[in-house]
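> Would you be able to build a 3D model of this:
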Amino acid sequence: MKYTKLLFSIVFTLICLTVFGQQPLKRPLPARPQPAQQLPKAQQQPGQQQSGRVELVGADSLKGGTFNGRRIDKLLGNVRFKQRDTFLYADSVYQYSDNTEMLEAFGNVRIVQGDSVTITGDRASYDGRKRTARMTGNVTMQDPRMNLATPSLDYDLNTKIATYTEGGTIIDPENQLQSRRGSYNTTTKEFNFQQNVKVTTADYNITAQNMRYNTQSRIVYFLGPTVIKGQRGDLYAEQGSYNTLTKISNFGKNAYILTPEYRLGGDELYYDQNTGYGVARKNVSLKSLKDDVTIRGQLGRYWRDRGVAKVSGSPVMESIMKTDTLYLSADSLISREAQGPTGKSMLFAYNNVKIFKPDLQGKCDSLSFNRTDSVMHMNVKPVLWSEKNQLVSDTIHIYLKNKTIDRMFMYSNAFMASEDTLSNYNQVKGRNMIAYFTNGDLKRVNVNGNGESLYFALEGDTAVTGMNKAICSNMVLQFAENKLNKISFLVNPDASFIPPHELKEPDKQLQGFTWLAEQRPTKPQVFAKRAAVAPKAPAKPKATTKKSAREPDTKKKPQPKRGSLLRRQ
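You can find the predicted model right below:
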């Protein structure tokens, strides 16, 4: 009887175990009591920290089995695990019996750390000892400031740094960022991007190779060749930053602003997209994209809305002519874009202007160059030298054609002189003069009004045979190889010939003559450093309703009346 009762109890127990083992779990399973597993100190890897154990919070059912020779527990349905402030959710999870801190999660996997970071994906591997997770398949990572999408993601719960290597897209309320590789620090809220980086904002499209982005400050930091393309101009730099909120850029190393008219660059570049004001420093270059004109200096400023750029700090303009290059320097050079279909593209040079070209040199106090009509205006004590000829007047206008000098107008107190082989000075003066050039060589000069001339007659370029002196209202001077060859007197000339023995020193000069050879610029003088003081920090432009003291005065100045002089050309 005893044996019958014992056998019945055993059978009943087996039946109960079988029935209950086939029913889903109706409440969370308690975590199996396991002794805390700790690696010896010699085996602990750097960065590994001892933390709370991985604990099972709940699941719908549990199945045991062996996989690849390892005993595992399969938790199915609404699985939830916890470790410190981190929760893992999934449709199913494999937990290894020999390492309960290692989890393999499948289906609708979600890892939540604290109240700010959420990572979702199709599958995950979670290492509770190292506190690391790898998520694969349609991975997303979210915090209050951004949303990251990538095929796979590695996340270190200790350092709170996420890393992806198969391409990722980050979207925040104002920007979208893409790159091949990258990492995100959930503590500092900063991304590091590498390879094929692209940023899309409402105003710009940015491409780069290496970049950092802070989701709190919304500042982009560039660490390599970077291009920013916008609707009103492009920017390039190899290092620097761009604030996507204030739209202010601070660039360095080969930086430049590119507009339809100009390319303004320098080693340092500040640009405010809101105001369109930019400042370039160190090795500044301003290149006009519509003609072969480049201005170089040490400080450049750009006003986008007015289309005005100013270069100072020993600025030099280089203009490619037909056969050579024209160099022009001044204390400051200002370029103004054409405004409207009838506007003129202008260049203004202020103070101590010097011009150098192999066959032409000049100086004046100020200059304006109409690049649209190819006309250069030299103002305030202008002087030009062409070979051995010196030309002086109150104002000089030079007309270019096919990138060579075609005509030159000398207004008021025009004076022309040349030195012969015996250091005598042939001189012509008049109210106004017009000089004509062929292929850049001086061929003819018309003297209009109050003409006077002194011309030394030589014998074999070795002896003076006399001096011709004439007074005539209008004259024509003919040149050959840039040397005075013939003078024609047109209206009632009063001429005389003075032999050598009757020549006196006062007779050898017309009133107002001065030989200015020592002021003739050389190429090194044009490129010489000028004294200039640059501001230490970029100043923001004042309101456009009032004229700023920093802004250049580019209003068109009234030109002298030409009267009958132009009608006779």
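
> Next, the buried residues of the helix or strand hosting Ser496.
Secondary structure assigned from DSSP states H and E places Ser496 in strand 494-498. Under the neighbour-count criterion of 16 or more other CB atoms under 10 Å, strand 494-498 has Ile498 buried. Placement of C-beta: from N, CA and C, glycine included.

> Please apply the same query to stretch 458-469.
Along stretch 458-469, these residues count as buried under the neighbour rule (16+ other CB under 10 Å): 466-467, 469.

> can you pull out the helices in the protein?
Under the criterion DSSP state H, the chain contains helices at 2-21, 523-526, 564-567.

> comparing the ones you listed, which gets the lowest mean pLDDT score?
Note on those: helix 564-567 shows the lowest mean pLDDT, a mean of 30.

> Report the beta-bridge partner residues of the residue lying closest to Val57 once chain neighbours are set aside.
Excluding the flanking residues, the one nearest Val57 by CB to CB, 6 or more residues apart in numbering is Arg80, at 3.9 Å. Beta-bridge pairing for Arg80 (DSSP bridges): Gly58, Tyr89.

> Let the chain start at 48 from now.
Yep, numbering from 48; the last one is Arg127 now.

> doesn't Thr133 make contact with Arg127?
No. Taking CB atoms under 8 Å as the definition, Arg127 is not a contact partner of Thr133, at 11.5 Å.

> what's the nearest residue to Pro191 if we skip its chain neighbours?
Nearest in space to Pro191, with sequence neighbours left out and distances taken as CB to CB, 6+ apart, is Ser163 at 6.2 Å.

> Neighbours of that neighbour, how many?
Other residues within reach of Ser163 by the criterion other CB atoms under 10 Å amount to 14.

> Can you tell me how far it is from Met188?
In this structure, Ser163 and Met188 are 11 Å apart, going by CB to CB, to the nearest Å.

> Please, where are all the strands along the stretch 248-397 of the chain?
251-261, 266-269, 273-277, 280-284, 286-290, 295-305, 309-319, 324-335, 340-350, 355-359, 363-367, 372-376, 379-383, 393-404 (DSSP state E, counting those that start in this stretch).

> Between those strands, which one is closest to Leu414.
Counting by CB to CB, Leu414 lies closest to strand 393-404 out of the strands of the stretch 248-397 of the chain; the figure is 4.2 Å.

> tell me which residues in that closest one are buried?
The neighbour-count criterion (16+ other CB under 10 Å) identifies 393-397, 400-404 as the buried residues of strand 393-404.

> Could you do stretch 106-121 as well?
The neighbour-count check on stretch 106-121 (16+ other CB under 10 Å) flags 106, 108-109, 119-121 as buried.

> Stretch 544-554 now?
Ile545.

> Show me what that stretch is in contact with.
In this structure, residues lying in contact with stretch 544-554 by CB atoms under 8 Å, 6 or more residues apart in numbering are 504, 511-516.

> and if you look at stretch 211-230?
Contact with stretch 211-230 is made by 186, 192-201, 208-210, 231, 238-249, 258, 260, 262, 265, 291-292, as judged by CB under 8 Å, 6+ apart.

> run the last query once more with 6 Å
Stretch 211-230 is contacted from outside by 192-200, 208, 210, 238-248, 262, 291, using CB atoms under 6 Å, 6 or more residues apart in numbering.

> swap in stretch 130-149?
Residues outside stretch 130-149 that contact it (CB under 6 Å, 6+ apart) are 81, 98-99, 101, 117-123, 126-128, 150-161, 173-176, 204.

> Tell me which entries of those lie within strands.
The members of the contacts of stretch 130-149 that map onto strands under DSSP state E are 117-123, 126-128, 150-160, 173-174.

> List buried residues within the residues you listed.
Applying a neighbour-count criterion of 16+ other CB under 10 Å, the buried members of these are 119-123, 126-128, 150-153, 156-160, 173-174.

> how about the strands of the stretch 248-397 of the chain in JSON lines, adding distance to Glu434 and mean pLDDT?
Compiled in JSON lines, the strands of the stretch 248-397 of the chain are given as follows (distance: least, CB to CB, whole Å; pLDDT from 0 to 100):
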{"stretch": "strand 251-261", "distance to Glu434": "53", "mean pLDDT": "88"}
{"stretch": "strand 266-269", "distance to Glu434": "52", "mean pLDDT": "88"}
{"stretch": "strand 273-277", "distance to Glu434": "48", "mean pLDDT": "87"}
{"stretch": "strand 280-284", "distance to Glu434": "44", "mean pLDDT": "85"}
{"stretch": "strand 286-290", "distance to Glu434": "49", "mean pLDDT": "90"}
{"stretch": "strand 295-305", "distance to Glu434": "39", "mean pLDDT": "88"}
{"stretch": "strand 309-319", "distance to Glu434": "35", "mean pLDDT": "89"}
{"stretch": "strand 324-335", "distance to Glu434": "29", "mean pLDDT": "90"}
{"stretch": "strand 340-350", "distance to Glu434": "25", "mean pLDDT": "91"}
{"stretch": "strand 355-359", "distance to Glu434": "31", "mean pLDDT": "91"}
{"stretch": "strand 363-367", "distance to Glu434": "20", "mean pLDDT": "89"}
{"stretch": "strand 372-376", "distance to Glu434": "16", "mean pLDDT": "92"}
{"stretch": "strand 379-383", "distance to Glu434": "27", "mean pLDDT": "92"}
{"stretch": "strand 393-404", "distance to Glu434": "12", "mean pLDDT": "93"}
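
> which residues does the nearest residue to Ile481 once chain neighbours are set aside form a beta bridge with?
On the basis of CB to CB, 6+ apart, the spatially nearest residue to Ile481 that is not a chain neighbour turns out to be Asn493, at 4.6 Å. Bridge pairing for Asn493 (DSSP bridges) gives the partners Ile481, Val523.

> Tell me the spacing between Asn493 and Asn521.
Between Asn493 and Asn521 the distance is 7 Å, computed by CB to CB.

> now do Leu380
38 Å.

> Which one's more surrounded, these two?
Set Leu380 next to Asn521 and count neighbours by other CB under 10 Å: Leu380 wins out with 27 against 19.

> The more buried one touches Val363, doesn't it?
No. With contacts counted by CB atoms under 6 Å, Leu380 stays clear of Val363, the gap being 8.2 Å.

> Low-confidence stretches in this protein?
The model of the chain has pLDDT under 70 over residues 48-98, 579-616.

> For the buried residues of strand 393-404, name the two members farthest from one another.
Pairwise over these, using CB to CB, the maximum falls at Met393 and Phe403, 21.4 Å.

> sorry, back to before: next up, the contacts around the residue nearest to Val104.
For Arg127, the set of contacting residues under the criterion of CB under 6 Å, 6+ apart consists of 104-105, 136.

> Okay, and the beta partners of Phe403?
Assigned bridge partners for Phe403, using DSSP bridges, are Tyr374, Gln408.

> Understood, closing this out.
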